[in-house]
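**Student:** any chance you could fold what I've pasted below:
(one chain, ligands or ions: 3)
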Amino acid sequence: MPDLTDKQTFSDDDALEFHREPVPGKISMAPTKPMATQRDLSLAYSPGVAVPVLAIAEDPDRAYDYTSKGNLVAVISNGTAILGLGNLGHMASKPVMEGKSVLFKRFADVDSFDVEVKTTDPDEFVTVVKNIGDTWGGINLEDIKSPECFVIESQLQDLLDIPVFHDDQHGTAIISTAGLINACHITGKKLEDIKVVLAGAGAAGLSSIGLMKAVGVRAENTVIVDRDGVVYKGRENVDQWKAAHATDTPHRTLAEAMVGADVVLGLSAKGAITKEMVASMAANPIIFAMANPDPEITPEDVASVRSDAIMATGRSDYVNQVNNVLGFPYIFRGALDVRARTVNHEMKIACAQALAMLAREDVPDEVAAAYSGRKLKFGPDYIIPTPFDPRLIWYIPPFVAQAAMDTGVARRPIPDMEAYRIALRQRVDPSAALMQKIASAVRAAPNKRVVFAEGEETTVIRAAWGFKQAELGTPILLGREDLIRKNAAEAGLNFDDLDIEIVNARISEKNDAYTDWLYERLQRRGYLRRDVQRMINQDRNYFAATMVARGDADAVVTGTTRNFNMVLKEVRRVLDVRDRLIGLSVLLAKGRTLFVADTSIHELPDARELAEIAIQAAATVKKLGRTPRVAFLSYSTFGNPPGDRSEQVREAIRILDQTGVDFEYEGEMPAELALDPEARAAYPFMRLTGDANVLVMPGIHSASISARLVQALGGATVIGPLLVGLEKSVQIVSLGASVSEIIASATFAAYDEAIGDEG
Ligand SMILES: NC(=O)C1=CN([C@@H]2O[C@H](COP(=O)(O)OP(=O)(O)OC[C@H]3O[C@@H](n4cnc5c(N)ncnc54)[C@H](OP(=O)(O)O)[C@@H]3O)[C@@H](O)[C@H]2O)C=CC1
Ligand SMILES: CC(=O)C(=O)O
Ligand SMILES: [Mg+2]
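**Tutor:** Ligands and ions are numbered 1, 2, ... in the order given. Presented below is the predicted three-dimensional model:
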């Protein structure tokens with residue numbers, strides 16, 4: 001039965017206030033160039049703008065290079081079929097069209113604005129759009145009633161050389177087809193056997209039934225119904241678009257057609273489907289009541305008559321939202337990125353199949369967070385990804401782009417799909433490129449065995465699974481096998497599919513040898529053998545660290561259930577520090593990557609410690625393939641004002657001067673000097689040749705507080721702190737870390753080891 005507990009409610013006043021405050025509407029515009037100086041103005045406007053004007057006059061395609069066209073989509077309507085509310089006029093459609101525009105931006109970083117055309121005459125509509133159509137890289141037609149929408153779309157497709165896509169037709173078809181593929185998979189029904197009834201033979205309905213037939217549903221197993229009842233072969237006054245889907249059937253009403261049906265697609269209007277109709281359907285019926293804002297039948301009503309149904313609506317406040325929001329942002333993203341001339345059939349099918357596949361994968365915690373912590377697992381209540389799934393942006397468009405390339409409608413094919421995928425990820429996750437680089441290095445190195453110490457935790461199991469699936473190495477889960485398998489099964493993971501090792505410390509054949517080894521190490525530090533035995537038996541961090549110390553594994557990831565300092569203390573009883581141990585946080589914001597040290601070990605480092613922190617941080621940054629440029633930060637600037645902390649920093653600089661290191665460093669200075677060349681210009685003796693990328697903080701407080709502050713303020717991503725400097729690679733995640741954070745730390749742990757191999 002669908003879980004309705006997360007249903008949200010709001011009043012009409014809430015909806016009006018949301019649209020009115022703090023400024024009316026939902027979209028605004030943001031400049032992409034600075035408009036700060038006279039020069040900027042001369043370039044952006046007269047006279048500089050004349051140069052691209054002439055270039056485009058010579059070759060109109062250059063508009064893709066010099067204007068926003070290539071990332072710009074118009075959402076255009078005349079308001080004749082606004083949601084399921086009917087023809088309410090062009091101005092009434094504006095909130096919906098603004099809504100689509102804002103979703104384009106939010107979900108796929110496509111710029112968009114709305115155009116409401118004041119005409120119900122299809123020819124006039126086509127003339128208007130044809131004459132302004134070149135402005136955009138694509139056109140999303142919306143909420144235009146059928147059958148006029150079919151004529152309008154096909155004429156504009158012929159007249160314009162950009163994708164013209166009527167979202168209510170094709171967006172809806174793609175999402176409902178993805179949902180149907182998965183609902184059939186879950187119920188064991190075969191596409192070629194199912195009996196499908198379509199309630200609502202309009203734009204959305206006819207396109208949906210068309211795409212479903214293209215993926216395997218048999219025409220003779222379908223029945224379509226409009227306001228006048230079943231559209232059977234031979235019915236009079238049926239337009240050509242409905243006639244194309246009419247079938248030979250004895251049924252004349254929706255109620256008759258639904259008896260024994262496997263699937264009903266509602267793309268009509270509120271209340272069109274009754275409880276009695278649902279009760280008459282076949283076992284495990286699939287009910288997509290997609291009319292907006294109110295479905296043909298509510299999930300509550302379905303649940304009152306069927307406990308075996310898979311139920312979906314078009315709304316955000318029920319489970320299984322089958323809504324075109326899952327499609328149009330990503331279809332246009334893929335289409336724009338290859339400068340497609342059109343969105344063709346193959347691109348639509350590729351998108352539907354990609355959505356269906358994505359729903360079957362393990363769902364990241366970030367998605368649960370957006371849905372009040374509700375865990376999503378492929379099954380009757382989760383047949384399709386949710387709109388807030390951060391994977392959609394990098395998962396779906398490459399399939400669309402590839403299909404465009406394969407069918408010859410891409411004007412600018414993508415040469416490297418993997419690089420494209422990373423670039424898409426980078427749009428929503430600034431850490432993507434860095435993590436991808438690290439992951440590639442890990443994959444290229446010999447296989448690494450990474451111990452996931454808290455192996456019984458479900459998040460850790462899922463992380464190990466993800467680590468293995470991403471082919472980053474061999475995960476080893478520490479814990480009791482039965483419990484791990486039980487938790488894995490509950491999370492929907494089948495361990496038999498994957499090579500994941502499980503080690504139970506207590507019954508491990510290495511138990512005695514590890515105890516002997518650790519006792520040898522700790523016997524003169526106040527530990528009895530039985531203390532050490534207990535540590536090895538009961539504390540997974542000791543066992544895990546001993547595994548790497550003894551060479552039975554390459555790296556450890558731990559920390560989800562205990563605080564950082566406690567874990568570090570345990571690990572350090574087993575492993576030595578290779579040189580200086582530091583915590584290094586990676587801060588990604590506004591296109592910059594900054595490394596901040598020391599964010600976790602030295603509370604108030606003295607001058608020598610500061611110098612060594614800089615050396616260690618610079619070495620790590622070099623390993624990550626970047627040229628380190630170190631700034632020692634302080635509240636003071638080169639001795640002004642004087643103070644004890646800044647004196648330690650000044651002394652650290654003197655130590656480095658004497659040591660002679662192979663990286664640039666300078667200090668002490670405030671952050672703006674480190675990061676702004678104009679601010680540095682006032683200090684001609686400054687040794688940094690560019691902006692610093694390693695910031696050594698004067699104390700742990702400033703390091704940790706500043707890293708967390710920028711994260712809390714938003715607009716920045718912070719990775720780590722990474723633990724650097726132990727003799728073996730160990731990463732300690734923060735308490736309660738998410739699956740993706742654990743995978744990232746495990747990848748770093750494997751990377752440290754992999755790079756160690758090279759060096
Ligand atoms: N979830 C989603 O993503 C989407 C949902 N929709 C929803 O689908 C619905 C239809 O939209 P759209 O196709 O653009 O509109 P159209 O006006 O093109 O089509 C509506 C169709 O529904 C039929 N209809 C209306 N009332 C009934 C009824 N009581 N019983 C049977 N058929 C009925 C109409 O019949 P007739 O032809 O006889 O007038 C028409 O065929 C809307 O509610 C819309 O919100 C649309 C797009 C996406
Ligand atoms: C979702 C949508 O496009 C509609 O209901 O019209
Ligand atoms: Mg619509």
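**Student:** quick one: residues contacting Asp429.
**Tutor:** Neighbouring residues of Asp429 by Cβ atoms under 8 Å, 6 or more residues apart in numbering: 390, 717. Where C-beta positions appear, they are placed from N, C-alpha and C, glycine not excepted.
**Student:** pull up the per-residue confidence for Gln8.
**Tutor:** The predicted local distance difference test score for Gln8 is 50.
**Student:** same question, Ile755
**Tutor:** Here the pLDDT value assigned to Ile755 is 65.
**Student:** likewise for Thr37?
**Tutor:** At Thr37, the model reports a pLDDT of 86.
**Student:** work out for me the element Lys437 sits within.
**Tutor:** Using DSSP states H and E, Lys437 maps to helix 432-444.
**Student:** buried residues, that helix. List them.
**Tutor:** Counting neighbours by 16 or more other Cβ atoms under 10 Å, one finds that the buried residues in helix 432-444 are 432-436, 438-439, 441-443.
**Student:** look up how far ligand 3 lies from the nearest residue to Val710 once chain neighbours are set aside.
**Tutor:** Of all residues not flanking Val710 in the chain, Ala716 sits nearest, at 4.3 Å (Cβ to Cβ, 6 or more residues apart in numbering). Summarising the geometry, the distance separating Ala716 from ligand 3, computed by Cβ to the ion, to the nearest Å, is 36 Å.
**Student:** confidence score at Ala716?
**Tutor:** At Ala716 the predicted local confidence, pLDDT, stands at 78.
**Student:** repeat for Pro34
**Tutor:** 80.
**Student:** isn't it right next to Asp40, touching?
**Tutor:** Yes - using Cβ atoms under 8 Å, Pro34 makes contact with Asp40 at a distance of 5.4 Å.
**Student:** these two: who's more crowded?
**Tutor:** Here Pro34 and Asp40 are compared on neighbour count by other Cβ atoms under 10 Å; more neighbours surround Asp40, at 14 against 10.
**Student:** give me the phi and psi for the more buried one.
**Tutor:** With angles defined as degrees, to the nearest 10, Asp40 sits at phi -50, psi -40.
**Student:** for Val567, see how far away it is.
**Tutor:** Using Cβ to Cβ, to the nearest Å, we find Asp40 at a distance of 51 Å from Val567.
**Student:** swap in Gln533?
**Tutor:** Relative to Val567, Gln533 is positioned 20 Å away (criterion: Cβ to Cβ).
**Student:** so for the two, which residue has more residues nearby?
**Tutor:** Neighbours per residue (other Cβ under 10 Å) separate Gln533 from Val567, with Val567 holding more: 25 against 17.
**Student:** can you list the buried residues in whichever helix or strand that one is part of?
**Tutor:** Taking DSSP H and E as the definition, Val567 sits inside helix 564-574. Along helix 564-574, these residues count as buried under the neighbour rule (16+ other Cβ under 10 Å): 564, 567-568, 570-571, 573-574.
**Student:** can you pull the residues of the chain lying near ligand 1?
**Tutor:** Within the chain, the residues that sit near ligand 1 (Cβ under 6 Å from any ligand atom) are 81, 83-84, 145-146, 168, 172, 199-205, 225-228, 267-269, 272, 290-292, 314, 322-324.
**Student:** so which of these are in strands?
**Tutor:** Among those, the ones falling in strands (DSSP state E) are 199, 225-226.
**Student:** closest one of these to ligand 1?
**Tutor:** Distances from these to ligand 1 were compared by Cβ to the nearest ligand atom; the smallest belongs to Asp226, at 3.3 Å.
**Student:** need the contact list for that closest one.
**Tutor:** Residues in contact with Asp226 (Cβ under 8 Å, 6+ apart) are 200-202, 242, 268.
**Student:** Ile732 touches Glu570, doesn't it?
**Tutor:** No - here Ile732 lies out of contact with Glu570, judged by Cβ under 8 Å, at a distance of 10.0 Å.
**Student:** next, whichever residue of the stretch 151-300 of the chain sits closest to ligand 1: phi, psi?
**Tutor:** Nearest residue of the stretch 151-300 of the chain to ligand 1 (Cβ to the nearest ligand atom) works out as Gly202 at 1.7 Å. Here is the backbone geometry of Gly202 (degrees, to the nearest 10): phi -110, psi -150.
**Student:** tell me how many other residues crowd it.
**Tutor:** Here the neighbour count serves as a burial measure; for Gly202 (other Cβ under 10 Å) it reads 24.
**Student:** distance of the residue nearest to it when sequence neighbours are not counted relative to ligand 2?
**Tutor:** Taking Cβ to Cβ, 6+ apart as the measure, Gly202 lies nearest to Ser146, with 4.2 Å between them; neighbours along the chain are not counted. When distances are taken as Cβ to the nearest ligand atom, to the nearest Å, Ser146 and ligand 2 turn out to be 12 Å apart.
**Student:** ditto for Tyr64
**Tutor:** Between Tyr64 and ligand 2 the computed distance is 28 Å (Cβ to the nearest ligand atom).
**Student:** quick one on the thing from earlier: and the residue nearest to Val710, bridged to which residues?
**Tutor:** Counting by DSSP bridges, Ala716 is bridged to Ala589.
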